[in-house]
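[1] Provided below are the primary sequence and the corresponding predicted coordinates.
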Amino acid sequence: MLVGTKHGMYINGEWLSAATGEVIEVFNPATREKIAEVPSCSKEEAELAVQSAQAAFEAWANVTARERSSFLYKAYHKMIERKEELARLLTMEQGKPLQEARGEIEFAASFLLWYAEEANRVYGEMIPAAKKGKRLWVVPKPIGVVAAITPWNFPSAMVTRKVAPAIAAGCTVVLKPAEQTPLSAIKIVRVFEEVGLPKGVINLVTGDPVQIGKVLMESSDVRSITFTGSTEVGKLLMKGSAQNVKKLSLELGGHAPLLVLDDADLDLAAEQAAASKYRNCGQTCICTNRIFVHENVKDTFTQKLQEKVRQLHLGNGLEEGVTIGPLIDKGGLEKVKRQVEDSVSKGAVVTAGGKEWNGPGGYYYEPTILTNVSNDMKIMKEETFGPVVPIVPFTSIDEAIKAANDTDYGLAAFLFTNDLSKAINIMEKLEYGIIGINDVFPGTAEAPFGGMKESGLGREGGHEGIQEFIEMKYVSLAIKEL
Ligand SMILES: NC(=O)C1=CN([C@@H]2O[C@H](COP(=O)(O)OP(=O)(O)OC[C@H]3O[C@@H](n4cnc5c(N)ncnc54)[C@H](OP(=O)(O)O)[C@@H]3O)[C@@H](O)[C@H]2O)C=CC1
Ligand SMILES: O=C(O)CCCC(=O)O
């Protein structure tokens, strides 16, 4: 066991096991071995976590921004000190190669640093009044208790991307991590505990998502839900939160197109397409899900991408030299297999990979490329969340933009060209919240990350990220003009 068995729930500054003794089991996706147990909290325990956050809110909201900031700075330094330990744990519960896990810990820590800085910059506003005898201003206030529901694909970074701005704003938090990857979240909460964050400011519950979700949605004390995960659960949270009109920040699914124009640097495009598609085994909401390549360069680009795929080394992420790990679980693996089978049955050609791999016993699927793809295939409509990419040729830019926008998702899109005018024109027409031009790594703490259409609401990161947790109080004061 990696974490003290059963003690994974953190309420009002105490580490607890579930009163029922019930646990959820955590497995290593690289081997399918059980690595830990964490509490499966009851409805009453989830309610206690909300009460703890509510009780701590007033005092925390009144702590100076500087003090809140100093906790975040300390947490940042501690997380960086622990990078290796946290990265190993992350790889064990999530599967990504150790090198990527180290990158995720740095990425996660960067949100602590960024919001340590932003905590000091939540400004209000004076408004010039239209009439004499009035003074108008806007005062920013923390929204209240925030429920943060995080996914398994970035078990550390999605926690800090939500928790850091909430705490910086003066909010208190109930965190519910994904059941596949609670261990990284537990370690991050321990970091906050060690730097002396006051009791109740952060609370952690693990267990049945439906039961915990119901408590979080129904509680009128919870004023905001910040969620990253599937569009399906995002919609459910929207419906559930309507009953007491909570604020929602939703970072949902994606179906990212990557466009390669005929003037593009094809070596760069192939290298970046492979990085975008196969990092985290394709389980990133901004992973390339469809490649559209100009007919003139289709064959050369495809060969270059095949070469990149040949260089990938599939295996247990803890092993030296492994560059692509397993899928998260059986469900993830089955989804990938279904999409490939569906595509092949409709005429797609597998030009790299295309098979499950038993390897060290985990949920492995070979990095795969599909050509001869048509629009009636599931892979052209659904988020894959796995290491498979279809390549589709195009002849005109308008056709490529239309195809790229032909989805209900609108998170990220990527474009490879050396023509600045084309880049700007295409960027303006793509219906996506994030556009990478000759760049597939747009995610960074200082920039706003989020989607259009069914990819979500709100933005994380940047100065925008903290505003998700702020209410604006408008004050109108009548005075006698002297
Ligand atoms: N945008 C992104 O980054 C992500 C997108 N996805 C997409 O979603 C697909 C399915 O993945 P999956 O793990 O099932 O994603 P989910 O949306 O089910 O999980 C994300 C988080 O939501 C929680 N959750 C699930 N159901 C509820 C509920 N009723 N109320 C409150 N919280 C809930 C989960 O808890 P628990 O783990 O306990 O079920 C987890 O913490 C993937 O294949 C991918 O396409 C998935 C993860 C991240
Ligand atoms: O998949 C996500 O939700 C986070 C993506 C992080 C990044 O790549 O910047």
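    That came through fine. Ligands and ions are numbered 1, 2, ... in the order given.

[2] Please list the residues of the stretch 201-350 of the chain that sit near ligand 1.
    209-210, 213, 228-230, 233, 236, 251-253, 285, 335 (CB under 6 Å from any ligand atom). Where you see a C-beta, it was placed from the backbone N, CA and C, and this is true even at glycine.

[3] By neighbours, which of those wins?
    Comparing those by number of neighbours (other CB atoms under 10 Å), residue 285 comes first, having 30 neighbours.

[4] show me the contacts for that one.
    Shown in contact with residue 285 (CB atoms under 8 Å, 6 or more residues apart in numbering): 153, 228, 251-254, 383, 411-412, 455.

[5] Can you show me the helices along the stretch 51-200 of the chain?
    Counting by DSSP state H, counting those that start in this stretch, one finds helices in the stretch 51-200 of the chain at the ranges 65-81, 83-94, 98-118, 157-169, 182-194.

[6] Sort out which residues of the second one are buried, please.
    Going back to what we said before, that points to helix 83-94. 83, 86-94 (16 or more other CB atoms under 10 Å).

[7] Then the fourth one?
    When burial is assessed from 16+ other CB under 10 Å, helix 157-169 yields the following buried residues: 157-169.

[8] now swap in the longest one and tell me
    Residues 98, 100-105, 107-116, 118 are the ones in helix 98-118 that count as buried (16+ other CB under 10 Å).

[9] same check, this time on stretch 267-285
    For stretch 267-285, burial by neighbour count (16+ other CB under 10 Å) applies to 269-274, 276-285.

[10] quick one on the thing from earlier: mind putting the helices of the stretch 51-200 of the chain in TSV, distance to ligand 2 included?
    Output for the helices of the stretch 51-200 of the chain, formatted as TSV (distance: least, CB to the nearest ligand atom, whole Å):
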stretch	distance to ligand 2
helix 65-81	17
helix 83-94	12
helix 98-118	7
helix 157-169	6
helix 182-194	14
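
[11] out of those, nearest to residue 59?
    Comparison of those against residue 59 by CB to CB identifies helix 65-81 as nearest, at 11.2 Å.

[12] what is the mean pLDDT for that closest one?
    Per-residue confidence for helix 65-81 averages out to 98 on the pLDDT scale.

[13] Please confirm that residue 389 is located within a helix.
    No. According to DSSP: H, G, I helix; E, B strand; the rest coil, residue 389 belongs to no helix; its state is strand.

[14] so it makes contact with residue 290?
    Yes. If you go by CB atoms under 8 Å, residue 389 and residue 290 touch, sitting 7.3 Å apart.

[15] more neighbours, these two?
    Between residue 389 and residue 290, residue 389 has the larger neighbour count (other CB under 10 Å), namely 28 against 23.

[16] ok, that one - contacts?
    Residue 389 touches 273, 277, 282, 288-291, 368-370, counting by CB under 8 Å, 6+ apart.

[17] ditto for residue 416
    With the criterion set at CB under 8 Å, 6+ apart, residue 416 makes contact with 258-261, 264-265, 268-269, 272, 438.

[18] Where does the chain get nearest to ligand 2, which residue?
    With distances taken as CB to the nearest ligand atom, the chain approaches ligand 2 most closely at residue 443, which sits 1.9 Å away.

[19] Once you drop chain neighbours, what's closest to that residue?
    Once its chain neighbours are removed from consideration, residue 443 has its nearest residue in residue 449; the separation is 5.8 Å (CB to CB, 6 or more residues apart in numbering).

[20] so that neighbour makes contact with residue 458?
    No. Using CB under 8 Å, residue 449 makes no contact with residue 458, being 9.9 Å away.

[21] ok so, going back, which of the contacts of residue 389 sits closest to residue 30?
    Set against residue 30, the nearest of those by CB to CB is residue 282 (15.8 Å).

[22] From residue 435, how far out is the closest one?
    20 Å (CB to CB, to the nearest Å).

[23] swap in residue 301?
    Using CB to CB, one obtains 20 Å as the distance from residue 301 to residue 435.

[24] related to what we said a few turns ago, would you reformat the helices of the stretch 51-200 of the chain as a markdown table and include distance to residue 360?
    As requested, those are arranged in a markdown table below (distance: least, CB to CB, whole Å):
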| stretch | distance to residue 360 |
| --- | --- |
| helix 65-81 | 29 |
| helix 83-94 | 13 |
| helix 98-118 | 15 |
| helix 157-169 | 26 |
| helix 182-194 | 20 |
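
[25] which sections of the chain are below the confidence cut-off?
    1-6 (pLDDT under 70).

[26] related to what we said a few turns ago, quick one: buried ones out of the contacts of residue 416?
    Buried among those (16+ other CB under 10 Å): 258-261, 264, 269, 272.

[27] Looking at these, which two lie furthest apart in space?
    In the buried ones among the contacts of residue 416, the most distant members under the criterion CB to CB are 261 and 272, with 13.7 Å between them.

[28] Next step: the buried ones among the contacts of residue 416 restricted to strands.
    Secondary structure defined by DSSP state E assigns 258-260 of those to strands.

[29] Residue 425 - how many residues pack around it?
    The number of residues near residue 425, taken as other CB under 10 Å, comes to 12.

[30] Please name the residues that touch the residue nearest to it when sequence neighbours are not counted.
    The shortest distance from residue 425 to any residue other than its chain neighbours is 7.9 Å, reached at residue 397 (CB to CB, 6+ apart). Listed by CB under 8 Å, 6+ apart, the contact partners of residue 397 are 261, 422, 425-426.

[31] What residues does the stretch 51-200 of the chain have near ligand 1?
    Residues of the stretch 51-200 of the chain lying near ligand 1 by CB under 6 Å from any ligand atom: 149-153, 176, 178-180.

[32] Excluding covalently adjacent residues, which one is nearest to the residue of the stretch 301-450 of the chain found nearest ligand 1?
    With CB to the nearest ligand atom as the measure, residue 385 is the residue of the stretch 301-450 of the chain nearest to ligand 1, at 3.7 Å. When the adjacent residues along the chain are set aside, residue 385 lies closest to residue 283, with 5.1 Å between them (CB to CB, 6+ apart).

[33] Hmm, that neighbour is touching residue 327, no?
    Yes. Taking contact to mean CB under 8 Å, the distance of 6.9 Å between residue 283 and residue 327 places them in contact.

[34] any common contacting residues for those two?
    Overlap between the contact sets of residue 283 and residue 327, as judged by CB under 8 Å, 6+ apart, is given by residue 386.

[35] which one of the buried residues of stretch 267-285 sits closest to residue 145?
    Proximity of the buried residues of stretch 267-285 to residue 145 (CB to CB) peaks at residue 285, which lies at 25.8 Å.

[36] is it fair to say the closest one lies in a strand?
    No. Assigned with three-state DSSP, residue 285 falls outside any strand and is coil.

[37] phi, psi of it?
    Summarising the backbone geometry of residue 285 under the convention degrees, to the nearest 10, its torsions are phi -70, psi -20.

[38] Please apply the same query to the one 3 residues further on.
    Dihedral angles of residue 288 (phi, psi; degrees, to the nearest 10) stand at phi -60, psi 130.

[39] how many other residues sit next to it?
    Residue 288 is flanked by 27 other residues according to other CB under 10 Å.

[40] Distance-wise, check it relative to ligand 1.
    Here the criterion is CB to the nearest ligand atom, to the nearest Å. By it, residue 288 lies 14 Å from ligand 1.

[41] Bridged to that residue, which residues?
    Following DSSP bridges, residue 288 is listed with bridge partners residue 256.

[42] Let's verify the residue of the stretch 301-450 of the chain closest to ligand 1: helix, strand, or coil?
    coil.
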